[in-house]
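K.L.:
missing the sequence, but the structure's below:
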RNA sequence: GCACCCGUAGCUCAGUUGGAUAGAGCAACGCCCUCCUAAGGCGUGUGCCAGGGGUUCGACUCCUCUCGGGUGCACCA
């Protein structure tokens, strides 16, 4: 694809005597409105260099610049030089590259030969999968797709919370009040009941807490009874989680959770010891981080058992050895910012230069209208319920608006789930939000169904128009404002994907495909396709096709289906 | 108390490495289906960009202080 920005740089470079290209590029910006051009070169900073006022610099340069046939106009407005892309060239480069690259349009090979790990979702075993978990799950999945798209060899890691004192609690609770048959009938809920009951009782009874700690120690020591119970709880939980993953269309390459790393810790602790990092404090073993402005990292509890900081460090070292990653990404809530800063610092202090390759991608909290989520208090909204309800609402809408659709159930699933995922990936991931059924189930405006609907519309046009990919078209016919505007958004797509990857921010893609969708709908409403005169019809049909391709790719990068009809 | 994050229209949020008049969606009102899927399009209004000070030719954007909200800070994860 033609890099128009680079062409602006070249054109200015020719007449600027003395400025280097990087400098020029840094001065190029996008004007607030396309009436002012596609690119603008601001001359303020040149004023100092040339000791002239920016206006006359702009005026003089504008006269000298030759934009070749890349630009149809170069105008001087005050201190700015505005570049207007040659519309026919724009149409040609966008359409020809999308025709050529198809579903790969927008991708690069920046990840070639590089490994990227994405750890996400990571629910706690024996606890319900609730709306609090959706963020990590959906953001992580999208990052996986984006990295993969850019050529990285990418692995999805589900770091299950399958270890820790909470398991001591569960085992203790099971031994006191549990009933295998009851639990098997509805595993997660029954285990949750046990967990809640245990917590209530433990508030009154210190001995229970002691029992929980005892059972966790036994588990870590390999006690057979404890291990068997643990394995069983893990299995039934995973089965439940997979229901939700199936609905969301998400898979993992590995489910090695915290337990997997338990036997990898002694070695790491020994290494820390040898490197002189460990200190004893109040009976526990710590690494002091005061000089880095952080509280100490707890490596071992006073009873000798380990904590999750130690496990995360052991896991990172294991992953470096096992995968030799280029990036090791953790999609975990912002509450754990400090925890990640601490253990990544420890990795650095251990002398590993890959500490910087470990990236915490934080996101904001989900709360309910009546307060924070609390598994312990039973205040949760199950993710499965949210998804089922979204599918149900979608089905109602289909019955109402398109009752003749033949695979209603399937489409309802794709659209309903898509709506949930889309909403999750629409805002900056760092923002907190309050869950509301009303908002979740509204499908109008800038939503997933809006984009999917538009994609389906495009598809319908292609079918009716009997579109052929190998048709040659006259690019210069696509010169209406709404056509050019759509082409511009399509042109930007590759840069948007790269930006999303660099910032670990799927919402950048979400926002952009909404822009494409809006632009397409304007085009759709103002430019007749099927009834247009032959050559124009072909050209417009081609524009519909390339839009459909990009929308599908965009949705796919978010982990959302793009049905052909809805 | 200390650290980090957030504060933009009635609500939910965008805002490109500081740049030309701060933008969307929702909500409200009006219009557009003998015409390609109306989950759509068009039109109408709203802002001391939390507040003070500073840096700069220029600040929603950078620095600093204040206020408001959130999160975290040793044996949970």
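P.N.:
Perfect, I can see it now. Fair warning: this is a prediction, and the values are worked out from it, not measured in the lab. Residues are numbered from 1 along each chain as shown, chains lettered A, B, ... in the order given.

K.L.:
Only C-alpha atoms from now on, for both contacts and neighbour counts.
P.N.:
OK.

K.L.:
Just the residues contacting the lowest-mean-pLDDT helix or strand in chain A, thanks.
P.N.:
None of the helices or strands of chain A scores lower by mean pLDDT, DSSP states H and E than strand A:371-372, at a mean of 72. Strand A:371-372 is contacted from outside by residue A:366, using CA atoms under 8 Å, 6 or more residues apart in numbering.

K.L.:
Try it again at 10 Å.
P.N.:
Residues from elsewhere that reach strand A:371-372, judged by CA atoms under 10 Å, 6 or more residues apart in numbering: A:132, A:365-366, A:379-380, A:434.

K.L.:
Now the element after that strand, going C-ward?
P.N.:
As assigned by DSSP states H and E, the chain's next helix or strand after strand A:371-372 is helix A:383-401.

K.L.:
Now do the contacts for the nearest residue to residue A:161 once chain neighbours are set aside.
P.N.:
Closest residue to residue A:161 apart from its sequence neighbours, by CA to CA, 6 or more residues apart in numbering: residue A:124 at 4.1 Å. By CA under 10 Å, 6+ apart, the contact list for residue A:124 reads A:133, A:159-163, A:166, A:234, A:237-238, A:257-258.

K.L.:
coming back round to it: of the contacts of strand A:371-372, which ones also sit close to RNA strand B?
P.N.:
residue A:365 (CA under 7 Å from any atom of the strand).

K.L.:
quick one: which of the contacts of strand A:371-372 is most hemmed in?
P.N.:
In terms of neighbour count, residue A:132 stands highest of the contacts of strand A:371-372 at 24 neighbours, by other CA atoms under 10 Å.

K.L.:
contacting residues around the residue nearest to it when sequence neighbours are not counted?
P.N.:
In space, and not counting its chain neighbours, residue A:132 is closest to residue A:366: 5.7 Å by CA to CA, 6+ apart. Listed by CA under 10 Å, 6+ apart, the contact partners of residue A:366 are A:131-135, A:333, A:372-373, A:431-435.

K.L.:
got the contacts of residue A:124 as a markdown table, with neighbour count columns?
P.N.:
What follows is the contacts of residue A:124, written out as a markdown table (neighbours: other CA atoms under 10 Å):
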| residue | neighbour count |
| --- | --- |
| A:133 | 21 |
| A:159 | 22 |
| A:160 | 22 |
| A:161 | 20 |
| A:162 | 22 |
| A:163 | 23 |
| A:166 | 19 |
| A:234 | 18 |
| A:237 | 22 |
| A:238 | 18 |
| A:257 | 21 |
| A:258 | 21 |
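
K.L.:
Could you tell me which residues of the stretch 201-350 of chain A lie near RNA strand B?
P.N.:
A:258, A:281-286, A:295-296, A:298, A:300-303, A:306-308, A:334-339.

K.L.:
Next, count neighbours for residue A:69.
P.N.:
Residue neighbour count, defined by other CA under 10 Å, stands at 11 for residue A:69.

K.L.:
and it, what element?
P.N.:
Residue A:69 is part of no helix or strand when elements are defined by DSSP H and E.

K.L.:
How about the residue of the stretch 51-200 of chain A found nearest RNA strand B, nearest residue that isn't a chain neighbour?
P.N.:
Nearest to RNA strand B, among the residues of the stretch 51-200 of chain A, is residue A:164, at 3.6 Å (CA to the nearest atom of the strand). Take residue A:164 and drop its neighbours on the chain: the residue closest to it by CA to CA, 6+ apart is residue A:216, 6.7 Å away.

K.L.:
List the contacts of that neighbour.
P.N.:
Residues in contact with residue A:216 (CA under 10 Å, 6+ apart) are A:163-172, A:222-223, A:226-227, A:305.

K.L.:
Show me how to select, in PyMOL, the buried members of those.
P.N.:
Buried members of these, defined by 16 or more other CA atoms under 10 Å, are picked up in PyMOL with:
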select buried, chain A and resi 163+164+165+166+167+168+169+170+171+172+226+227+305
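
K.L.:
Got the domain ranges for chain A?
P.N.:
Following automatic domain parsing, one gets these domains for chain A: A:4-85, A:115-271+A:307-372.

K.L.:
Among the ones you listed, which comes closest to residue A:479?
P.N.:
Closest to residue A:479 of these is domain A:4-85 (CA to CA; 11.8 Å).

K.L.:
show me what contacts the closest residue to RNA strand B within the stretch 201-350 of chain A?
P.N.:
Per CA to the nearest atom of the strand, residue A:301 is where the stretch 201-350 of chain A lies closest to RNA strand B, at 2.8 Å. Counting by CA under 10 Å, 6+ apart, residue A:301 touches A:282-286, A:307.

K.L.:
Can you tell me how far it is from residue A:343?
P.N.:
Distance, residue A:301 to residue A:343, using CA to CA, to the nearest Å: 16 Å.

K.L.:
Just the pLDDT for residue A:206.
P.N.:
On the pLDDT scale, residue A:206 is placed at 83.

K.L.:
And for residue A:16?
P.N.:
On the pLDDT scale, residue A:16 gets 81.

K.L.:
The residue nearest to it when sequence neighbours are not counted - how many residues pack around it?
P.N.:
Sequence neighbours aside, residue A:61 is the residue nearest to residue A:16 in space, at 7.4 Å (criterion: CA to CA, 6+ apart). Applying other CA under 10 Å, we find 17 residues neighbouring residue A:61.

K.L.:
how distant is the helix or strand hosting residue A:61 from the center of its chain?
P.N.:
Per DSSP H and E, residue A:61 falls inside helix A:54-64. Distance of helix A:54-64 from the chain centroid (CA atoms, centre = their mean, to the nearest Å) equals 44 Å.

K.L.:
average pLDDT across whichever helix or strand comes after that helix?
P.N.:
Using DSSP H and E, the helix or strand that follows helix A:54-64 in sequence is strand A:71-77. Mean per-residue pLDDT for strand A:71-77: 93.

K.L.:
Now tell me what touches strand A:71-77 from outside.
P.N.:
By CA under 10 Å, 6+ apart, the residues outside strand A:71-77 that reach it are A:4, A:7-8, A:36-42, A:55-63, A:65-67, A:81-90.

K.L.:
hmm, back to that, can you list phi and psi of the residue nearest to residue A:164 for me?
P.N.:
Taking degrees, to the nearest 10, you get phi -70, psi -40 for the backbone angles of residue A:216.

K.L.:
circling back to that earlier point, narrow the contacts of residue A:366 to just the buried residues.
P.N.:
Buried members of these, scored by 16+ other CA under 10 Å, are A:131-135, A:333, A:373, A:435.

K.L.:
and the end-to-end length of stretch A:270-280?
P.N.:
The first residue of stretch A:270-280 is 14 Å away from its last residue (CA to CA).

K.L.:
Now do the buried residues in that stretch.
P.N.:
Buried, per 16+ other CA under 10 Å, within stretch A:270-280: A:272, A:277-278.

K.L.:
and the closest residue to residue A:381 other than its chain neighbours, what is it in contact with?
P.N.:
Spatial nearest neighbour of residue A:381, excluding adjacent residues (CA to CA, 6+ apart): residue A:130 at 5.5 Å. Shown in contact with residue A:130 (CA under 10 Å, 6+ apart): A:123, A:244, A:373, A:375, A:379-386.

K.L.:
which residues in the stretch 301-450 of chain A form strands?
P.N.:
A:327-331, A:358-361, A:366-368, A:371-372, A:433-435 (DSSP state E, counting those that start in this stretch).

K.L.:
which of these sits most buried?
P.N.:
strand A:327-331 (a mean of 22; mean count of other CA atoms under 10 Å).

K.L.:
if we can go back for a sec, need phi/psi at the residue nearest to residue A:381.
P.N.:
Main-chain dihedrals, residue A:130, degrees, to the nearest 10: phi -110, psi -180.

K.L.:
Does it have any beta-bridge partners, and if so which?
P.N.:
Bridge pairing for residue A:130 (DSSP bridges) gives the partners residue A:382.

K.L.:
So residue A:522 is in contact with residue A:482, correct?
P.N.:
Yes - checked against CA atoms under 10 Å, the pair residue A:522 and residue A:482 is within contact range at 6.3 Å.

K.L.:
For these two, work out which one has more neighbours and name it.
P.N.:
The residue with more neighbours, out of residue A:522 and residue A:482, is residue A:482; 19 against 16, by other CA under 10 Å.
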